[in-house]
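A.B. asks: What follows is a predicted protein model with its sequence.
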Amino acid sequence: MTRFDQLGVSETLVALLKKQGITAPTPVQEQAIPPMRAGRDVIAQAQTGTGKTLAFLLPLIEKIKPQGEVAQALVIAPTRELAIQIARVAEPLGTELGIGTIVIYGGADIERQKEKLRRHPQLIIGTPGRLLDHVRRGTLVLGSVNKIVLDEADEMLKMGFIEDVETLLGRTAQDYQLALFSATMPARIVQLTKNFMTTPARIHIEGERTTLENIEQIVISASEGEKIDRLCASINEEAPYLAMVFCATKERTRSLMMELAHRGYLVDALSGDLTQTQRAFVLRQFRAAKLQILCATDIAARGLDIEGVTHVYNYDLPPTVTDYIHRIGRTGRAGARGKAITLVAAHQHEKLRKMEAALKERLRRDAVKKKPRPAETTEMQQRVQRDERKRTRPKKIKPRPRSKKSGKTVTNLGHRSRRKR
């Protein structure tokens with residue numbers, strides 16, 4: 001088995017990784033670290049959950065000069081959640097080597113970000129829109145940045161950030177080294193690599209099957225009206241430690257969260273309309289297991305690495321097989337077992353079959369649990385039951401006849417009567 005020190009990772013970083021329980025590199029780390037350390041451009045096609053964050057952070061951090069009080073390395077991520085996740089991994093490693101790290105994303109206080117940028121951090125992690133905002137304001141200068149990573153480039157394309165990314169790349173040093181990590185390689189991403197890379201090292205990791213092998217995948221048939229009851233029945237039966245439930249829209253996410261809370265579950269929602277403070281609070285509660293269930297839109301499906309998620313529910317069928325893989329990839333991580341349960345209405349089975357064809361796997365159907373039929377009874381048993389019902393039936397109380405005398409009315413077992421003077 002290959003060790004990190006055999007890949008050229010410094011003793012200091014190897015020791016830090018060992019403290020975190022990381023002793024052996026994953027396939028993407030094993031293949032990406034050597035060419036990145038050698039200064040080559042890299043194209044790595046790998047799914048989420050394969051360890052790609054350390055694959056680019058380890059060589060990146062080792063090439064930063066702590067004494068240089070200028071930005072030297074840039075990591076661009078499509079969402080604030082992913083940017084925060086990368087920063088959470090980078091900060092303890094960088095601190096040990098005297099490297100300053102900052103994470104920049106929209107929705108946060110821009111003045112506070114300006115203040116942190118004035119401290120001259122060497123490693124910049126952020127989302128395209130807010131990074132470009134700081135560049136245009138003059139609060140972030142990228143002229144000295146010569147090490148760049150684009151993480152989940154296909155998601156940036158999907159979210160319409162590629163033009164911003166190209167603008168940012170045009171502001172960096174001319175001798176930059178570029179590493180691109182992406183689950184898929186659409187034509188627009190391929191074109192970007194041709195425009196901005198020189199003889200890149202190409203890495204393709206078949207992480208998809210490995211990821212799914214640890215996840216038991218189940219389909220539950222349910223009409224739209226039955227979904228909430230079937231979901232609750234499954235949660236009660238499975239008793240997940242932490243569960244994520246994915247919905248198609250933020251409105252459905254909110255509605256489902258309210259219904260689950262009404263039924264007594266420890267639940268909250270994560271969607272695009274929350275402020276960063278609200279998002280951070282919800283994720284902190286979920287990580288600490290103060291919530292059992294997190295309802296979410298697909299914005300939470302990418303980049304979140306939450307330990308202890310045992311179950312993923314697709315309350316709404318995901319739009320693509322890639323989205324399905326990214327959703328269920330929240331469980332079954334780091335060798336642990338997980339379970340993914342998808343609720344499918346009758347009109348969605350054709351879409352499900354297409355998804356199974358892309359996965360090259362038929363998902364197990366969970367049969368609808370029917371109520372047991374009452375056992376047939378003999379004539380004698382029926383007679384005994386009738387007699388038993390007669391004995392237990394409450395006696396009817398006849399109302400008293402109304403008196404012709406006047407008087408006040410009082411209540412007597414639900415019937416109005418006159419009380420004699």
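C.D. replies: Great, that's in hand.
A.B. asks: how about the strands in the stretch 151-300 of the chain?
C.D. replies: Taking DSSP state E, counting those that start in this stretch as the criterion, the stretch 151-300 of the chain carries its strands at 177-182, 201-204, 215-221, 243-246, 267-270, 293-296.
A.B. asks: swap that for the stretch 301-421 of the chain, please
C.D. replies: In the stretch 301-421 of the chain, the segments counted as strands under DSSP E, counting those that start in this stretch are 311-314, 338-344, 364-366, 409-412, 415-418.
A.B. asks: Make sure residue 257 is actually in contact with residue 267.
C.D. replies: Yes: taking contact to mean Cβ atoms under 8 Å, the distance of 5.5 Å between residue 257 and residue 267 places them in contact. Every residue, glycine included, has its C-beta placed from N, CA and C.
A.B. asks: Next, show the common contact partners of these two.
C.D. replies: Taking Cβ atoms under 8 Å, 6 or more residues apart in numbering as the contact rule, residue 257 and residue 267 both touch residue 295.
A.B. asks: With only the CA atoms kept, save whichever strand or helix holds residue 148 in PDB.
C.D. replies: Mapping residue 148 onto the secondary structure by DSSP states H and E places it in strand 147-151. As requested, C-alpha coordinates have been extracted for strand 147-151 and formatted as PDB (Å, rounded to 0.1, in the frame of the first residue of the first chain):
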ATOM      1  CA  LYS A 147      -1.300  27.900  -8.400                       C
ATOM      2  CA  ILE A 148      -5.000  27.500  -9.200                       C
ATOM      3  CA  VAL A 149      -7.600  24.800  -8.600                       C
ATOM      4  CA  LEU A 150     -11.100  24.600 -10.100                       C
ATOM      5  CA  ASP A 151     -13.100  22.200  -8.000                       C
END
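A.B. asks: and it, what does it pack onto?
C.D. replies: Counting by 3 or more Cβ pairs under 8 Å, 6 or more residues apart in numbering; DSSP states H and E, the packing neighbours recorded for strand 147-151 are helix 52-63, strand 73-76, strand 177-182.
A.B. asks: name the helices or strands packed onto the helix or strand following the shortest one?
C.D. replies: In other words, strand 73-76. Using DSSP H and E, the next helix or strand after strand 73-76 towards the C-terminus is helix 80-96. Applying 3+ Cβ pairs under 8 Å, 6+ apart, one finds that helix 80-96 makes contact with helix 11-19, helix 52-63, strand 73-76, strand 101-104, strand 123-126, helix 276-287.
A.B. asks: What pairs with the fourth one, parallel or antiparallel?
C.D. replies: It refers to strand 101-104. Its sheet considered, strand 101-104 pairs with strand 123-126 (parallel) by DSSP bridges.
A.B. asks: How about the third one?
C.D. replies: When pairs are called by DSSP bridges, strand 73-76 turns out to pair with strand 123-126 (parallel), strand 147-151 (parallel).
A.B. asks: what does it contact?
C.D. replies: Identification of contacts with strand 73-76 by Cβ under 8 Å, 6+ apart yields 56-57, 60-61, 63-64, 83, 86, 90, 122-128, 131, 142, 145, 147-151, 156, 165, 168, 172.
A.B. asks: in it, what counts as buried?
C.D. replies: Residues of strand 73-76 classed as buried by neighbour count (16 or more other Cβ atoms under 10 Å): 73-76.
A.B. asks: that older thread, right, so of the strands of the stretch 151-300 of the chain, which gets closest to residue 68?
C.D. replies: strand 177-182 (16.0 Å; Cβ to Cβ).
A.B. asks: average model confidence for the closest one?
C.D. replies: Strand 177-182 shows an average pLDDT of 94 in the prediction.
A.B. asks: Check stretch 323-341 too.
C.D. replies: Here the mean pLDDT over stretch 323-341 is 85, rounded to a whole number.
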